[in-house]
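Participant: Make a model of this:
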Amino acid sequence: MPKSYFEREFVLSVKSYCSIIYIHSYEEDRLENSLKQIIKKELNYSLYSWDFVRGYVGNPNDVGFAANNPLQALDLVDQLTNNSSAAIILKDFHLFLKDLGVQRKLKNLVQVLKNQPKVLIITGTEINIPIALRDIITLLDFPLAGELEIYQELNQLFQVTGITVDSILLQKFTRACQGLSIDRIRTAFSQIFIQYGKISEETLELILKEKKNIISQTQILEFYPNKESINDIGGLVNLKEWLLRRSDAFSDKAKRYGLPSPKGLLLVGIQGTGKSLTAKVIANEWGLPLIRLDVGKIFGGIVGESESRMRQAIQVSEAMAPCVLWIDEIDKVFSSIEVKGDSGTTGRVLATFLTWLSEKKSPVFVVATANNINLLPIEILRKGRLDEIFFLGLPNLKEREMIFQVHLEKKRPTNWFTYDIVYLSQMTENFSGAEIEQVIIEAMHLAFSQQRDFKTPDILEAINSFVPLADTYKEQIQILQEWVVSGRIRNASTNNT
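Facilitator: The predicted structure is shown next:
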């Protein structure tokens, strides 16, 4: 079996004499088991494990040593002979890194360990490395279980319980479990066995419920259910064609053909032009789960916490792959990055995000939206990080007719055609799609208050009293249109008026 990315990076770090390795993971048992296997197979090191309550465990001569004493836990290195090959796991040791005594001891140990086959492995659920130690600690992320590992776990679980599951259903459950830890998967299936006593298509819903709960607990990601179809988008012909051309890009057939997975899109335009709707439509049309990333919640008060949250968001989205990762109004977070007084936190979070965009191999399709492209760092706009940048401008006459039809069909499916859509479209120049929807709703309120159905004149009255947002954003729209003319971004609509 080929080595995983984590295994290659860990072994490389140890063989390169990285004395202290900090591994970020929420799965302590799975991580320790993986480390045991890797160390035994690739390094042949003796393994020592410490936690604050029990001290050292596993080795008879050291049982209980350094319990309740993190500084003393580091003394084990001095007790081992210089030629002893050893990997020392220090669980939750990140909680003690701010202690000045611990910092000094680690710095002293690094000088000793440079010429010895030993490595200190700090494991923790958070990344909190003091500035004083960043140059001597190598950081690694332990990923959530991939498709193959989940498949093997489920297969073993069904064999133990004596439940027979056909290969197609097993594959569906494997796909549904992506993004969950092994412990969560075991808990979810225990609930299924207790509640249903069997495995079937219907029990998939419990797995999806568990997944939604896990994603919501991150507080930065949201599992976003949606039913919007491509017919709900009025206009944007060029964008629709681009999306339809890639509708099967995540299929096994596309893989066999040799197609790389699409990376993502940046959608720019003023509010109400359909950027968020497009993100929802992509996920629904492609049959992929939609995860919304709240970038504003990424930023925390503790040094290193923001970068940790970004890595967590990336890790969960990759484990959920294939999926659509929707990042709304990205310009508000990364705008004017050079003047932000946050000690470089925003810059580091951006660097983490951009590096992932450039290097990611997982089928996570990123849909980022922005209202003002001028506020975005130029690095985001560089080709290669995302597949395309589309400008969603104000709808032209033909598109306004389509937008009116879409909304009126939803509100009055039996008599939508009785409204003078052509005239209404002519009267709403510079209106966005969201504003067209709003004037229809306003007309409905007017007619409802008079206990009658709304008509074309009611919509016209709402139009005449409405001031479109575009009237205050003329310069911004003009700049975006110049970008389209220059070929730097693509127009989501055709030029037909």
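Participant: Check which element follows the helix or strand hosting residue 280 along the chain.
Facilitator: In this assignment (DSSP states H and E), residue 280 forms part of helix 275-286. Heading C-terminal from helix 275-286, the first helix or strand you meet, by DSSP H and E, is strand 290-293.
Participant: Give me the sheet partners of that next one and which way each runs.
Facilitator: Strand 290-293 pairs in its sheet with strand 221-223 (antiparallel), strand 323-327 (parallel), by DSSP bridges.
Participant: so how far is residue 91 from the residue lying closest to residue 142 once chain neighbours are set aside?
Facilitator: In this structure, residue 142 finds its nearest non-sequential neighbour in residue 25, 3.7 Å apart by Cβ to Cβ, 6 or more residues apart in numbering. From N, CA and C alone the C-beta is placed, and that goes for glycine too. In this view, residue 25 and residue 91 are 11 Å apart by Cβ to Cβ, to the nearest Å.
Participant: helix/strand/coil for the spatially most central residue of the chain?
Facilitator: Central residue of the chain (Cα atoms, centre = their mean): residue 317, 3.9 Å from the mean position. Following DSSP: H, G, I helix; E, B strand; the rest coil, residue 317 is assigned to helix.
Participant: Would you confirm that it contacts residue 291?
Facilitator: Yes: using Cβ atoms under 8 Å, residue 317 makes contact with residue 291 at a distance of 5.8 Å.
Participant: Pull up the overlap in contacts between those two.
Facilitator: Common contact partners of residue 317 and residue 291 (Cβ atoms under 8 Å, 6 or more residues apart in numbering): 221, 323, 325.
Participant: Would you state the predicted confidence (pLDDT) at the first one?
Facilitator: What the model reports as pLDDT for residue 221 is 87.
Participant: what about the closest residue to it other than its chain neighbours, which helix or strand?
Facilitator: Leaving aside its chain neighbours, residue 221 sits nearest to residue 215 (4.8 Å; criterion: Cβ to Cβ, 6+ apart). According to DSSP H and E, residue 215 maps onto helix 204-217.
Participant: Buried residues of that helix, list them for me.
Facilitator: For helix 204-217, a neighbour-count test (16 or more other Cβ atoms under 10 Å) marks 204, 206, 207, 210, 211, 214, 215 as buried.
Participant: what's the spacing between it and its chain's center?
Facilitator: Centre-to-centre, helix 204-217 and its host chain are 15 Å apart (Cα atoms, centre = their mean, to the nearest Å).
Participant: Going by contacts, tell me the helices and strands next to that helix.
Facilitator: Counting contacts by 3 or more Cβ pairs under 8 Å, 6 or more residues apart in numbering; DSSP states H and E, helix 204-217 packs against helix 167-177, helix 182-195, strand 221-223, helix 305-320.
Participant: Show me the contact partners of the second one.
Facilitator: Contact partners of helix 182-195, identified using Cβ under 8 Å, 6+ apart, comprise 27, 29-30, 145, 149-150, 153-154, 157, 161, 163, 177, 180, 199, 203, 206-207, 210, 214.
Participant: rerun at 6 Å
Facilitator: Outside helix 182-195, the residues that touch it by Cβ atoms under 6 Å, 6 or more residues apart in numbering are 30, 145, 153, 177, 203, 206, 207, 210.
Participant: cool, the first one as well?
Facilitator: When contacts are taken as Cβ under 6 Å, 6+ apart, the neighbours of helix 167-177 outside the stretch itself are 150, 151, 154, 185, 204, 207.
Participant: Provide the secondary structure category for the second one.
Facilitator: Looking back up the chat, that one is residue 151. For residue 151, the assignment made with three-state DSSP gives helix.
Participant: Let me see the contact set for it.
Facilitator: Residue 151 neighbours (Cβ under 6 Å, 6+ apart): residue 174.
Participant: returning to what we had before: ok, so of the contacts of helix 167-177, who is nearest residue 50?
Facilitator: The closest of the contacts of helix 167-177 to residue 50 turns out to be residue 185 (Cβ to Cβ; 28.1 Å).
Participant: how much space between that closest one and residue 36?
Facilitator: Applying Cβ to Cβ, the value for residue 185 to residue 36 is 21 Å.
Participant: Neighbour count: those two, which is higher?
Facilitator: Taking other Cβ atoms under 10 Å, residue 185 and residue 36 do not tie; residue 185 has more neighbours (22 against 15).
Participant: distance of the more buried one from residue 362?
Facilitator: Counting by Cβ to Cβ, the gap from residue 185 to residue 362 is 19 Å.
Participant: what's the angle between the lowest-mean-pLDDT helix or strand in the chain and helix 182-195?
Facilitator: Lowest by mean pLDDT, DSSP states H and E among the helices and strands of the chain is helix 204-217, with a mean of 76. Orientation of helix 204-217 against helix 182-195 (axes from the mean of the first three to the mean of the last three Cα atoms, to 10 degrees) gives an angle of 140 degrees.
Participant: got the angle between helix 204-217 and helix 305-320?
Facilitator: Angle of helix 204-217 versus helix 305-320, following the same axes, to 10 degrees, is 160 degrees.
Participant: still on that earlier bit, who wins for neighbours among the shared contacts of residue 317 and residue 291?
Facilitator: residue 325 (26 neighbours).
Participant: my read: the residue nearest to the centre of the chain touches residue 363, true?
Facilitator: No: using Cβ atoms under 6 Å, residue 317 is not in contact with residue 363, being 10.4 Å away.
Participant: Would you mind giving the domain segments of the protein?
Facilitator: Structural domains annotated on the chain: 5-141, 147-217, 230-391, 397-429+433-467, as defined by automatic domain parsing.
Participant: Quick one, which of these gets closest to residue 483.
Facilitator: domain 230-391 (6.8 Å).
Participant: just for this protein, where's the confidence low?
Facilitator: 1-3, 300-304, 335-343, 495-497 (pLDDT under 70).
Participant: about what we covered before: which one of the buried residues of helix 204-217 sits closest to residue 103?
Facilitator: Comparing the buried residues of helix 204-217 against residue 103 with Cβ to Cβ places residue 214 closest, at 34.3 Å.
Participant: Pull up the gap between that closest one and residue 374, please.
Facilitator: From residue 214 across to residue 374, the span is 37 Å (Cβ to Cβ).
Participant: In a helix, residue 493, correct?
Facilitator: No: Residue 493 is assigned coil when assessed by three-state DSSP, not a helix.
Participant: Contacts only, for it.
Facilitator: Going by Cβ under 6 Å, 6+ apart, residue 493 touches 235, 236.
Participant: Looking at the helices and strands packed on helix 204-217, which is nearest to residue 452?
Facilitator: Comparing the helices and strands packed on helix 204-217 against residue 452 with Cβ to Cβ, the closest turns out to be strand 221-223 (40.0 Å).
Participant: Tell me both backbone torsions, phi and psi, for the nearest residue to residue 27 once chain neighbours are set aside.
Facilitator: Spatial nearest neighbour of residue 27, excluding adjacent residues (Cβ to Cβ, 6+ apart): residue 181 at 5.0 Å. Here is the backbone geometry of residue 181 (degrees, to the nearest 10): phi -70, psi 160.
Participant: Mind checking the strands paired with strand 290-293 for the one nearest to residue 12?
Facilitator: Evaluated over the strands paired with strand 290-293, closeness to residue 12 peaks at strand 323-327, with 28.5 Å, by Cβ to Cβ.
Participant: got a list of contacts for the helix or strand following the closest one?
Facilitator: As assigned by DSSP H and E, the chain's next helix or strand after strand 323-327 is helix 331-334. Identification of contacts with helix 331-334 by Cβ under 6 Å, 6+ apart yields 295, 350, 370, 372, 375, 376, 377.
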